[in-house]
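Student: Provided below for reference: sequence and predicted model.
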Amino acid sequence: MKKTIFSLALGTFGLGMAEFGVMGVLTELAKDTGISIPSAGNMISFYAFGVVIGAPIVALFSSRFSLKSTLLFLVAMCVIGNAMFSISHSYVGLATGRLISGFPHGAIFGVGAIILSKIAPPGKVTVAVAGMIAGMTVANLVGVPFGTWLGHEYSWRYTFYLIAAFDVLVILSVLLWVPKLHDKSEIKLTAQFHFLKKPEPWLIFAATMFGNAGVFAWFSFVKPFMVNVSGFSEGMMTVIMMLMGLGMVLGNLLSGKLSGRFSPLRIAATTDMIIVASLLLLFAFGELKTASLLMGFVCCAGLFALSAPLQILLLQNAKGGEMLGAAGGQMAFNLGSAVGAYFGGMMITFGFSWGYVTLPAALLSFAAMTSLLMYGHLCAKKRLANARALA
């Protein structure tokens with residue numbers, strides 16, 4: 001089982017490199033291809049759109065093949081997408097490469113979680129899934145900063161050559177270490193959609209989308225923000241990206257620790273409130289280097305502190321359609337990436353300075369917190385109605 005977890009963690013490491021790696025080389029990408037930085041930021045959105053398209057398709061049709069075969073196909077798409085992106089010179093070619101590389105993202109998480117649920121002992125599934133997700137947090141701590149350095153010192157294309165080559169190694173690890181399993185669901189296809197008739201999962205989807213959009217509206221442009229607002233040199237971006245990655249790792253760990261003491265709703269809503277405050281402080285004090293590093297660290301910690309509690313809330317509200325619920329969570333998360341990158345870039349398009357990307361970011365995070373409070377209010381009303389009915 002440990003080898004299977006390690007193989008899946010390698011896969012999520014590659015996904016983390018592909019998704020977040022473009023942010024550290026955004027200015028190099030724009031300069032090399034002759035497009036504006038906001039247009040280069042759209043490459044984050046195209047990746048997210050790929051996730052939105054791919055996650056439900058694989059969720060619905062993966063039962064026709066073994067989970068291992070599905071996983072191999074998905075990782076092969078990562079290789080193709082990242083390789084295409086790295087060699088493209090036109091906007092259309094770049095966008096297509098990002099769409100293809102984003103397509104397998106959500107499905108890899110969903111298929112990996114199902115594999116681990118089948119091979120992990122009772123009571124160890126959550127720990128096993130956390131081990132798989134750890135690959136993405138480590139990517140942000142080590143891989144993305146290295147990719148940022150590589151792009152700054154040599155070429156952003158080398159960063160994505162490396163990601164494509166790494167995904168080839170992931171294919172080999174899947175062949176060697178992932179067992180051949182099938183997911184034959186006894187629930188009819190139409191029945192898997194029944195949970196969507198209730199408002200609760202939609203509120204969680206909204207919280208997931210807006211929460212991610214809030215952080216990404218700023219983090220998509222972390223390099224120009226840190227250079228042009230906070231006054232850091234471009235050479236410092238490798239260290240800064242490592243610090244942001246450390247925040248993601250620690251945020252994920254802290255959320256897991258708190259899950260034994262507080263409800264997932266309380267953890268997620270409080271985290272969104274902290275993110276809103278940190279983004280507003282970034283707007284007010286972004287010119288101060290220490291303040292921008294500290295608040296940026298808090299934002300990135302919050303991004304991954306939200307992941308586990310929101311995933312738990314989705315599973316609790318997607319009975320009979322857990323795979324679709326998990327896919328929907330990934331869709332919402334990555335749609336948030338696209339929405340955030342768009343609204344952050346829109347401020348620059350309208351002529352505002354880089355410091356202003358934090359304002360739509362704070363507003364989007366506030367919308368996430370509001371969605372969770374609405375969900376909590378709805379649940380409280382239902383509990384009260386049930387108590388009265390029993391009385």
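Tutor: Alright, I've got the coordinates. Numbering: from 1, shown residues only.
Student: going forward, measure contacts between C-alpha atoms and count neighbours the same way
Tutor: Fine.
Student: Quick check: the closest residue in space to V22 that isn't next to it in sequence vs D167, distance?
Tutor: Nearest residue to V22, sequence neighbours excluded (C-alpha to C-alpha, 6 or more residues apart in numbering): I44, at 7.3 Å. Distance, I44 to D167, by C-alpha to C-alpha, to the nearest Å: 19 Å.
Student: Between those two, which is the more surrounded one?
Tutor: Using other C-alpha atoms under 10 Å, the more surrounded residue of I44 and D167 is I44, with 30 against 24.
Student: for that one, helix, strand, or coil?
Tutor: Secondary structure, DSSP: H, G, I helix; E, B strand; the rest coil: I44 is helix.
Student: Retrieve the pLDDT associated with it.
Tutor: pLDDT, I44: 85.
Student: Please name the residues that touch it.
Tutor: Counting by C-alpha atoms under 8 Å, 6 or more residues apart in numbering, I44 makes contact with 19, 22-23, 98, 220, 337-338, 341.
Student: just to revisit the earlier point, would you mind measuring from the residue nearest to V22 to M241?
Tutor: To M241, I44 is 17 Å away according to C-alpha to C-alpha.
Student: before we move on, what about V129?
Tutor: Counting by C-alpha to C-alpha - V129 and M241 are separated by 25 Å.
Student: next one: V227
Tutor: The value you get for V227 to M241, if C-alpha to C-alpha is used, is 13 Å.
Student: Tell me which of those two has more neighbours.
Tutor: M241 (28 against 17).
Student: Return, as residue ranges, the portions of the stretch 1-150 of the chain with sub-threshold pLDDT.
Tutor: The stretch 1-150 of the chain contains residues with pLDDT under 70 at 59, 62-63, 123-127.
Student: How about S90: what's its closest non-neighbour residue?
Tutor: Excluding the flanking residues, the one nearest S90 by C-alpha to C-alpha, 6+ apart is T33, at 7.2 Å.
Student: That neighbour contacts V92, doesn't it?
Tutor: No - if you go by C-alpha atoms under 8 Å, T33 and V92 don't touch, sitting 11.5 Å apart.
Student: Please say which of these two ends up with more neighbours.
Tutor: Set T33 next to V92 and count neighbours by other C-alpha under 10 Å: T33 wins out with 14 against 11.
Student: OK, contacts around that one?
Tutor: Residues near T33 by C-alpha under 8 Å, 6+ apart: 89-91.
Student: So what does L172 have for phi and psi?
Tutor: Main-chain torsions, L172, degrees, to the nearest 10: phi -60, psi -40.
Student: re earlier: closest one to T290 out of the contacts of I44, please.
Tutor: Proximity of the contacts of I44 to T290 (C-alpha to C-alpha) peaks at S220, which lies at 20.0 Å.
Student: Got phi/psi on that closest one?
Tutor: Backbone torsions of S220, given as degrees, to the nearest 10, read phi -60, psi -30.
Student: now the one 10 residues further on
Tutor: With angles defined as degrees, to the nearest 10, S230 sits at phi -80, psi -20.
Student: Now list the buried members of the contacts of T33.
Tutor: Neighbour-count burial (16 or more other C-alpha atoms under 10 Å) applied to these gives Y91.
Student: of the contacts of T33, closest to Q330?
Tutor: Of all those, Q330 sits closest to Y91, with 25.6 Å by C-alpha to C-alpha.
Student: Restricted to helices, list the contacts of I44.
Tutor: Using DSSP state H, the subset of the contacts of I44 located in helices is 19, 22-23, 98, 337-338, 341.
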